[in-house]
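Asker: below are the sequence and a predicted model for it; my questions follow.
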Amino acid sequence: MTSTMLLAGTRKGLFVGRSDAAREQWDWDAPAFAMEEIYSVAIDARGPVPRLLAGATSVHLGPQVFRSDDVGRTWDESHTGTVRFPPDLGASVERVWQLQPSPADGAVVWAGTQPSALFRSDDRGETFELVRSLWDHPHRPEWGEGFGGQAIHTIVPHPTDPDVVTVAMSTGGVYRSEDRGATWVPHNRGITADFLPGEAPEFGQCVHKVAVDAGDPDRLYAQNHGGVFRSDDAGRSWQPISDGLPADFGFPVVAHPHRPGTIYVYPLVAGDERFPPGGKPAVWRSRDAGETWEETGPGLPAEAWTVVLRDGFTTDRSDPVGLYVGTRHGAIWASNDEGGTWQEIRTNLPDVLCVRAAVL
């Protein structure tokens, strides 16, 4: 029988939801990692059994990566205990913001951290090694700190080429490697930085999230701190695509896993007014790579002055695709018909930081 799994990382633990192929009724496990902040989760379905990964931050032990090979019933700590910097650097990892399996390499898992650093695992998340080339990049001393901290929060591995990976950070912008992480080039031309004087710089943008198109791995989408953008040349240049949206600020941008040109965003008024316009939450969809936009629904609340964080929005890979939105007021909204209708499948959770879903 086909089953659907949803991981919801919160300020106070990990909540695991389970459903069938219809995705109408959900059962929920007792929370794991109680009182720990879960900034990142991943579902790695590449091996003989699915592996779940969770980046948990304990006030006593700091950040650690945990893994489960029995769909979340038990969890094992990584061999190293945490994603760590080499001792000679004198730096400490504060949070693991992103855990991302590489679809082009069956063993590689990437981790993005605060402070902005990239780690690579070659054993599906059991051990991690710092990518020194990005840590030693000459731009790093000038990377700034976003409202949530200075972190690599987005990792986009190329879907078929294991040598290519794109990362995004706040603040710093988008960087891309095409030689398996040996060198890194900023890819921000065309992305605005309204909080900086003068022309947009080579780097320093506060990019909130990047997603890759289902049909063209060189077509990328970015939700910026003010502006939604598209690149048709692997990030070398970007163009704005926010015309038609009620606001151009927000955190997530999500690409449909099967339909080229289909993307979703959750607009907020502005950086100094982080609410949906008029307090009415809405997920907006484009079916033509951002040329036009439409509001999805119905089914979301008429009023909810709430934020969806950059990893608080995800899809599964069913047909029709399921959409899942976790909010800062502890609700999870889901659509089992690609945004045609919505329902609230969980409420009264702690602040939702990240969600991931998979069909197993």
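Answerer: Right, received. Where do you want to start?

Asker: endpoints of stretch 256-263, how far apart?
Answerer: Using C-alpha to C-alpha, to the nearest Å, the end-to-end distance of stretch 256-263 comes to 6 Å.

Asker: quick one: average pLDDT of it?
Answerer: Regarding stretch 256-263, the rounded mean pLDDT is 98.

Asker: in it, what's buried?
Answerer: His256, Gly261, Thr262, Ile263 (16 or more other C-beta atoms under 10 Å). Every C-beta, even on glycine, is put in place using the N, C-alpha and C of the backbone.

Asker: okay, now the unreliable bits of this structure?
Answerer: 1, 78-81 (pLDDT under 70).

Asker: from the centroid of it, which residue is nearest?
Answerer: Nearest to the geometric centre of the chain sits Asp311, at 3.7 Å (C-alpha atoms, centre = their mean).

Asker: compute the distance between that one and Pro186, please.
Answerer: Remark: distance between Asp311 and Pro186 (C-beta to C-beta, to the nearest Å) = 23 Å.

Asker: now Ser121
Answerer: According to C-beta to C-beta, Ser121 and Pro186 sit 25 Å apart.

Asker: so those two - more neighbours on which side?
Answerer: Looking at Ser121 and Pro186 with other C-beta atoms under 10 Å, you find the greater number of neighbours at Ser121, namely 23 against 18.

Asker: what sits against the residue lying closest to that one once chain neighbours are set aside?
Answerer: The shortest distance from Ser121 to any non-neighbouring residue, by C-beta to C-beta, 6 or more residues apart in numbering, is to Val109 (4.3 Å). Residues near Val109 by C-beta atoms under 8 Å, 6 or more residues apart in numbering: Ala42, Asp44, Leu53, Leu99, Gln100, Pro101, Ser102, Arg120, Ser121, Arg124, Gly125, Phe128.

Asker: again, but for Val283
Answerer: For Val283, the contact set (C-beta under 8 Å, 6+ apart) comprises 264-266, 295-297, 300, 313, 323, 325, 335, 339, 342.

Asker: isn't there a helix covering Tyr175?
Answerer: No: assigned with DSSP: H, G, I helix; E, B strand; the rest coil, Tyr175 falls outside any helix and is strand.

Asker: bridging residues for it?
Answerer: Assessed by DSSP bridges, Tyr175 has beta-bridge partners Val167, Pro186.

Asker: what is the burial count for it?
Answerer: By other C-beta under 10 Å, 24 other residues sit near Tyr175.

Asker: one more: Leu323?
Answerer: Here the count is done by other C-beta under 10 Å, and Leu323 has 25 residues near it.

Asker: nice, that's everything, thank you.
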